[in-house]
Structure formats: C-alpha cells, structure tokens
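>>> model the structure of this input:
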Amino acid sequence: IDFADQYTSELSVFKQIVKELEIFHTLLEEYAFQTYVDIHQEALFKEKEFIASLINNSIDGVVAFDTTLRITEWNPTMEKINGLARASVLGRKIFDVFPAFEDTEEGSAMKKVLDGAPVFISERPFREGKGYYEAYVLPLYDKSRRMTGGISIIHDTTHRKAREEALEERVKERTAELTASESALRQALAQSFTLNEELVERENFLNNILDQSPLSTWIADAEGTQIRVNQACLDLFGVPDPALGIGKYNILQDNTLVQAPFYQDIVAVFREGKMFRFETDYDVSQVTHVDIPTGHPVSLVVTIFPIKNASGKVTHAIIQHEDVTEQKKAEEALRQSEAQLRLITDALPALITYVDTDLTYRFANREYETWFRIRREDMIGKHVREVVGQKAYENVKSYFDKALAGERVEFETQQDYGDLGKRFVSIKFIPHEADGKVKGFYALVYDISERKKIEDTLQGLYEDMKIKNEALARINTDLDNFIYMASHDLRSPITNMEGLMYMLQKAYDQQEDNGKKLLNMMESSIIKLKSTIDDLVEITKVQRDIEQQPPEEIAFADMLVDVKENIQNLIRSNHATIREDFQVPRIQYARSSLRSILYNLLSNAVKYRAADRPLLVEVTTCQEDGQVVLSVKDNGLGMSESQQKKLFSMFSRMHTHVQGTGIGLYTIKRIIENNKGSIRVHSIENAGTEFKVYFPLNQPAAATSAYLPDEAQKN
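Alright, predicted model coming up:
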C-alpha cells in the first residue's frame, strides 16, 4: 500500500491492486494450511495403520465402548468368540447385544470402569462354546484425562487351563490365537489442532492396551530392536527399568536364540511376514549384547507376529509371552508322581489298570505279569480281549459299556481266565471324565477266591445261628406272654386286697393311732404293687403295639393338643407356659406310640419344674441330617451327669418329691429304638433339660411326604 502510488494515482486502480493482493494472500494461506493438514493426515494414516495392524494381529480379543456403553470397536477374535460380525454390533449398546450379561460380573465390570476403576475378571468358561478366558476391563482417557469410554481385553486361557487340569494329555500346540482389531478413525479432521488431538488419543489408547494388559508384550521395529515394552513383560523377566532394553535389545542378535533350531523361523517373521510360535526356557541375564543382571530364568510360550503397512512390508513385530514355568514344574512333579504311583500300584496284590474308550490298555501294574505271564510294556495298546481271553471279556462286556457311559461299576463274578483257570474276583470300574466326556476308566480287580471259600463256610454257620435265633425269639415271646398273663392274673386278687384294706381301715377308723398307721402302710404297699404290675403290662404292650399297630400320618400340633388336654390340671397347677414350633408339621408313625412319647416327655417337663422361676416348655420339630427331630425343652430342675447315666433304666427316678414309677422314660426309649430311632438328653442341673427324639426318614414311599413342610407338599 505504501508503494502503490508509484504505480498509479487513480483510486479505482489502487483499490483493484489492494483487492488482488488480499485475494492472493488468502489463497496463499489456504494453500499453506492445506499442505499442513495433508502432512498431519499422512501421519494420522500411518498411526491408524500401525494400531489397526497391532490390534488385528494380537492374541487377545478387544471390544471398546464409549461412556454410553455403545460399542465402538469389535475385532475379528470377538467375531469368532461370539459369532457376531463387526458390522452388526458397532454402534449398538453392549447390553442390547448381550442382554444376559447385564446382571453378571462381566456386566458390572463394564459399569465400574466408567467410574474410573479398572476391573480384572478371573478365569471362567466361555458362556458360548468351549474353553476358558480371563479379562481386564480398563477405562480410556483422552490427553486431557477426560474419560472417553472403556476397553475389555479378553485373554483365552483354554490352553493354560488344559495344561493345569490334564497334564497327562499334554497339548502340543495352542490352537486358539486371539486377534484384535481397532476400528478405523472416525473421520479425518479438517483442523490441525483436531488432528493433533486425535493422534494423542490414539497413542493413549495404544498405551492403555500395552501397559495395562496382563500379558507380557513388547514391540520391535523392522530390524528387531525393542521400541516399546509393557510392565507385565518387565515383571516377567525381572527387569527393573525399561531403558535397559528399549533401543538396545535386539531379538535377532540374542545369542541365546541365535543357536536355537527355530532361529530362522524368528527371522522369517521380519523378512517374510510370517507368524511364529515356539516354546523355550529363557534367561535374559545370559544375553550378551545387553546388560540385565537382575534377570531370572523362565519357561515361555512365545508368539511373534508381524505388523505390515499397506504395501505388505513388515514395519514392526509384536512379541508376546505366556509364562509356563509353573506348568513345567507341575509336569515334572507329575512325572515323579507317576513313578511313585507305579511303585505303589506294583506293591498292591490286585490288578490295577487304565483302559481308554477303545478298550485298549494305557497303564497296568506288575500284578498283570504275575497273572497273565505277559510283560506290562507289551500290554500297552492291546485290547482287553487279547489279554484276559474271550470268555472273560464276554462275561464283563456289559459292565465295560456302563463304565464308558460314565457309570461307576462294582460287582463280583467268577471269571474263566483260560490257562489261569477260574477265579472269583471283585471288580471296580471307575470312569475318568474330562471336559464333560468319558476318556476311559480305571479298573481294580481283586482275587476273592479264598474269601468265597470262607464265606461258604460261614454261610453254613449262619444258617445254624439263624435257627437258634428263631428259637430264642420264640422263648422271648413266651416270656412276654408269661409276664402279661402273670400281671393280669395278679391284678384281680390285689384289687380284692385293696377293697378289703379299705373296709378294714373304715372299721378301724375309731381305733388307736398305731393300728391306723399300719393299715396306711399296707395300703401304700398295695398301691405300689398295683402300679408296678401296671408298668409291667405297659412294657409288654410296647412290643405288641409296635408289631400290631400300623403307622399313620399324624400332625404334631393335633397330638400336642390331645396330650395337653389330658394333663391340663397338671399344666394349670404348675402355671406352665408351652410354646410350639413345628417346622416339620407331620410324621408317619403309630398313633399310640407317638402319644406315649409326647405324653411322657411333656408331663415330666411340667412335673420337674424349678420353684424359683416361671416354667417354660418349648416343643419343636425340625429336620437334621435326614431325620425328623422332636425336641421338648424346659427350664426346670435339670439333672447331674450321674443322674443322666441312669435316666433310661427301668424304675429309675431322679427326683423323689414328685410321684412316679420311673417306667415312663424306659418305655418310650424302647418304643423309639424298636422303630429304628434314638433319643438323646442334654441337661444342666438347676438350669433345665432338653430331650431330642430322632425319627428315621426311611419310611414307605407312600408315607414319605408326611415329613415334608406344607410348602413342599403343595409344590
């Protein structure tokens, strides 16, 4: 503008010159800016290409989501695991794709991550398909530490799980390689500051994957030199500082690998773009071209895969390690345990073997050599029929089928072993299952020929004892009948004596005191004698009732009402409070027997009350260890340990200030035990007593429901 007047003095021309200069300046700025944008777009494209190649070739599955739980990334491995194409899930919310996950630990982990907390999901089986996995769910941030969403890194642990659970089936090569992918960048940014922001965000994303991944990982450039390493890798090898390796360690110059037979396969990753996987024992402290004295030896499964650019040239390589040190130790321990097992099985006087699903031997102890005169090494791989003979094989073939169907089989039989002759044997087949399938079975065969001879001898003795027991049973029955008849015959004259005593007492009412005392003593003796005879009759009736009275369904509550009505005066006079709680409401039992049990226990609890506190009796039922338990608990006088030892003896009484004969507990104990039950007592002197009656559940099928609570019977 300052020099424009040297070219023209006309205002219109002057304005035109200024306008043209402004247009030129604007065009120049646009061109410069476009050039700047193109440069950053090229850098962004290369970064995108690098990240996509890294994720697509990773052995871990990756799914990323934004703060609304919408899926932003979905790699090929996730497609394989879930059978869902990437295009079908991008943009959809996670719980719309997987509604069953929302209330699970995995769903909770994704929600927690949005609060900024990384979550580790421990090893578990895949919900669909076979195998196991573990996962890290991590938050993602932009350069200003603003949360942008989360990422779930899923690591397939099927190979490791298989090695842990079935080392005998050593897996030669892991077949499931997880791949990961990173979706293309949303869009090219038009402004330079936006481009820079996107680059930083993608770099943070890559750092999150590497640094927070539980899998040991490092990145090499095209020449094999380490340029990135995560903390899991440093921890695995015992390297305290990443600077010891970054820019210094080169896998192609590693002297511990150069001499390995698979070294050329490692070279092929960088030169030909091939992926390679190998297993090795490794000690980074032995590497000569770097100085890492803190390193320690480990056993590894190493996976190396290339990262290529658009033209197919290898630009980087990802090296991932799986630590199998403990598995190697376990394998060695397994070999030692196998040797110990062989020593143990060789010392046992029985045939012990393992047979696969084709009925061929995979293991046999030394006893087979004694029985069949064949080296056990020669048995391995042979069919059972070839060793034991056709007759013996046909005799137990049906049991083989059951064992291979997963059924545990135990039986005894007489086997014809050809040249070995006939033997009585006891056989057990124990199925071996893995991954839900029967892989074979263990067989244990014992020679019981001598035992059979002894059993035949004992059988004859048993028949003799059986005849004698039947004779004793008849004698016992005769004795019971005698007691019953004797007590019945004695009752009538005692009743007459009682009447005569009453008349004599009435006649001597006006006589001297000594005569009246003697009559009172005689009356008391007659009453006791009558009571004793009644008790004898009651004892003999116990067995008769058990044999003659069939069980029926009885409600505990109804029976308690009946007993309480019968002893209501006793309850009222002792001011007793009776609480009930019948968790098992009904039982199948003889009515008179159950009434005797409840009557004796409840009346005793009320009789033997403590004078210094209100009486509380609790009557309850429950189910314990397959039995129905009736409990009668009081806060009365209680008993000492010495008293408890004599508690169930006939005519035994613990407290003499209350009337009784001491026959009640003896009677109900016999009732309970004759019905295959039991009774127990727990008592503390001056604190209270609890009786527990255990009724067995092995009742007839039609009556079993009587033990179930109301709700269960309705169901």
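>>> ok, which stretches of the stretch 1-150 of the chain are helices?
Under the criterion DSSP state H, counting those that start in this stretch, the stretch 1-150 of the chain contains helices at 11-56, 76-82, 86-89, 94-97, 105-113.
>>> can you tell me which of the ones you listed is nearest to residue 220?
Of all the helices of the stretch 1-150 of the chain, helix 11-56 sits nearest to residue 220, with 12.0 Å by CB to CB. No exception for glycine: its C-beta is placed from N, CA and C like everyone else's.
>>> relative to residue 154, how far out is the residue positioned nearest the centre of the chain?
Centroid-nearest residue in the chain: residue 124, 12.9 Å away (criterion: CA atoms, centre = their mean). Note on residue 124: its distance to residue 154, by CB to CB, to the nearest Å, is 11 Å.
>>> who touches both of those two?
133-134 (CB atoms under 8 Å, 6 or more residues apart in numbering).
>>> buried residues in stretch 394-403?
Residues 396, 399-400, 403 are the ones in stretch 394-403 that count as buried (16 or more other CB atoms under 10 Å).
>>> quick one: contacts of it?
Contacts with stretch 394-403, where a contact means CB under 8 Å, 6+ apart, come from 355, 359, 384, 409, 411, 413, 415-416, 427, 429-431, 438, 441.
>>> quick one: which of these sit in strands?
355, 409, 411, 413, 415-416, 427, 429-431, 438, 441 (DSSP state E).
>>> now list the buried members of these.
Taking 16+ other CB under 10 Å as the criterion, what is buried in those is 355, 409, 415, 427, 429, 431, 438, 441.
>>> okay if I get the buried residues of stretch 394-403 as JSON lines plus pLDDT?
Shown next, in JSON lines, are these (pLDDT from 0 to 100):
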{"residue": "396", "pLDDT": "88"}
{"residue": "399", "pLDDT": "91"}
{"residue": "400", "pLDDT": "90"}
{"residue": "403", "pLDDT": "90"}
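>>> ok, of the residues you listed, which one's closest to residue 112?
Distance to residue 112 across those (CB to CB) is lowest for residue 403, with 47.6 Å.
>>> skip the chain neighbours and tell me the closest residue to the closest one.
Leaving out its chain neighbours, the residue that sits closest to residue 403 by CB to CB, 6 or more residues apart in numbering is residue 429, at 3.7 Å.
>>> need the contact list for the one you found.
Here residue 429 is in contact with 399-400, 402-403, 408-410, 441-443 (CB under 8 Å, 6+ apart).
>>> need the residues you listed in JSON lines (columns: distance to residue 104).
Converted to JSON lines, the contacts of residue 429 look like this (distance: CB to CB, whole Å):
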{"residue": "399", "distance to residue 104": "43"}
{"residue": "400", "distance to residue 104": "42"}
{"residue": "402", "distance to residue 104": "38"}
{"residue": "403", "distance to residue 104": "37"}
{"residue": "408", "distance to residue 104": "35"}
{"residue": "409", "distance to residue 104": "39"}
{"residue": "410", "distance to residue 104": "41"}
{"residue": "441", "distance to residue 104": "37"}
{"residue": "442", "distance to residue 104": "38"}
{"residue": "443", "distance to residue 104": "42"}
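>>> circling back to that earlier point, got a pLDDT number for the residue nearest to the centre of the chain?
What the model reports as pLDDT for residue 124 is 83.
>>> report the contact partners of it.
Taking CB under 8 Å, 6+ apart, we find residue 124 in contact with 132-134.
>>> just the strands in the stretch 551-700 of the chain please.
For the stretch 551-700 of the chain, applying DSSP state E, counting those that start in this stretch gives strands covering 552-555, 577-582, 586-589, 616-624, 627-634, 678-684, 688-696.
>>> pick the most buried one from the ones you listed.
Sort these by mean neighbour count, taking mean count of other CB atoms under 10 Å, and strand 586-589 sits at the top with a mean of 23.
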